[in-house]
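S.K.: Provide a 3D model corresponding to the input given below.
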Amino acid sequence: MVVIGGGYIGIELGTVYANFGTEVTILEGTKQILPGFEKQMSSLVSRRLKKKGNVEIITEALAQGVEETEEGVTVTAEIKGETKSFDADYVLVTVGRKPNTNEIGLEELGVEMTDKGLVKIDKQCRTNFDNIYAIGDIVEGPALAHKASYEGKVAAEAISGENSVIDYLAIPAVVFSDPELASVGYTEKEAKDQGFDVKASKFPFGANGRALSLNDSEGFMKLITRKEDGLVIGAQIAGPNASDMIAELGLAIEAGMTAEDIALTIHAHPTLGEITMEAAEVALGTPIHIG
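M.R.: Residues are numbered from 1 along each chain as shown. A predicted model of the protein is given here:
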């Protein structure tokens, strides 16, 4: 199988088929797979995929076309100025998502749209019509199920007369790759670009007893805190159960918690959740399980 696109959908589905024994070639147009995540994180996924022995990752590869053959398909791609062809049984296209708003009558009604086909809404998910609301992938923002669910609750409350509004302070992003990746709030670079003076504190899964007992200790957590007061403004996790662990960091950001608040919260042992506490201790300069 050839997978066109090394974003989160391509990597998740490509990993599934690779685990089934399929030979998978991933073509990604940028310099790394999972370009929405820091290279330190995506490189862990890339290395784990290559270890499987049946996955080839080709970056800076721009797909030019697909042709059906008697045996399957031939994918043509431009790789660093050179045209190459890849024969496979199937091709999986995981790029080029767009809102499916055509031919459902929105323009006829006069619902305001963007030039990208997205529906314009206010803070209560209301369109320019008082009785028409829109949520999810057809409005601005990341196309994530949990964002849509959150907006749906706000819209339902607004319809029932509540003064609820959307507030995207911390939307987690998760990739169900191997290992899992998760991010919420600012990355270190994003925080610095916004003018924050921040501290990035890392704690490795390899220093966590639960991760060692699972025989899955590759990865890390990075906590982004504001230097002036230790306020938690972001976090990135690469490792087992990152998708579950990120919730605590999202709560910390939403609640305005500091690294000290997390460090002083007793976490059960032995759990992966202790990594969050220990990353907070690194931020405070008081780690006890790493040098």
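
S.K.: tell me what Ser201 is bridged to.
M.R.: Judged by DSSP bridges, the bridge partners of Ser201 are Leu223.

S.K.: for it, grab the count of nearby residues.
M.R.: Using other CB atoms under 10 Å, Ser201 has 21 neighbouring residues. C-beta: built from backbone N, CA, C; applies to glycine.

S.K.: repeat for Gly7
M.R.: Neighbours of Gly7 (other CB under 10 Å): 20.

S.K.: ok, and the closest non-adjacent residue to Cys125?
M.R.: Ala155 (4.0 Å; CB to CB, 6 or more residues apart in numbering).

S.K.: rounded mean pLDDT for stretch 24-43, please.
M.R.: Averaged over stretch 24-43, pLDDT sits at 96.

S.K.: buried stuff in it?
M.R.: 24-29, 32-34, 37-38, 41-42 (16 or more other CB atoms under 10 Å).

S.K.: same question, stretch 155-167
M.R.: Using 16+ other CB under 10 Å as the test for burial, stretch 155-167 gives 155, 158, 164, 166.

S.K.: out of the residues you listed, which are inside strands?
M.R.: Of the buried residues of stretch 155-167, none are assigned to strands by DSSP state E.

S.K.: among those, which one lies nearest to Ile58?
M.R.: Ile166 (39.2 Å; CB to CB).

S.K.: was I right about the closest one contacting Gly152?
M.R.: No: using CB atoms under 8 Å, Ile166 is not in contact with Gly152; the gap is 10.6 Å.

S.K.: from Ala155, how far off is Asn128?
M.R.: Going from Asn128 to Ala155 by CB to CB, to the nearest Å gives 15 Å.

S.K.: any chance you could map the helices in this protein?
M.R.: Under the criterion DSSP state H, the chain contains helices at 8-19, 39-51, 106-109, 145-159, 188-193, 209-213, 242-255, 259-263, 274-284.

S.K.: among the ones you listed, which is the most enclosed?
M.R.: Of all the helices of the chain, helix 274-284 carries the top mean neighbour count, a mean of 23, counting by mean count of other CB atoms under 10 Å.

S.K.: so how far is it from its chain's centroid?
M.R.: 22 Å (CA atoms, centre = their mean, to the nearest Å).

S.K.: how many neighbouring residues does Ala170 have?
M.R.: Ala170: 20 surrounding residues under other CB under 10 Å.

S.K.: what's near enough to touch it?
M.R.: 184-185, 250, 253-254 (CB atoms under 8 Å, 6 or more residues apart in numbering).

S.K.: for Gln124, see how far away the nearest residue to Tyr150 once chain neighbours are set aside is.
M.R.: Of all residues not flanking Tyr150 in the chain, Ile166 sits nearest, at 7.4 Å (CB to CB, 6+ apart). From Ile166 across to Gln124, the span is 7 Å (CB to CB).

S.K.: give me the pLDDT value at Glu103.
M.R.: Glu103 is given a pLDDT of 86.

S.K.: buried stuff in stretch 195-212?
M.R.: With burial defined by 16+ other CB under 10 Å, the residues of stretch 195-212 counted as buried are 196, 198-201, 203-205, 207-208, 210-211.

S.K.: isn't Glu278 right next to Leu284, touching?
M.R.: No: Glu278 lies out of contact with Leu284 (CB under 8 Å); the separation is 10.5 Å.

S.K.: need the outlier residue of the chain, farthest from its centre.
M.R.: Glu70 (37.5 Å; CA atoms, centre = their mean).
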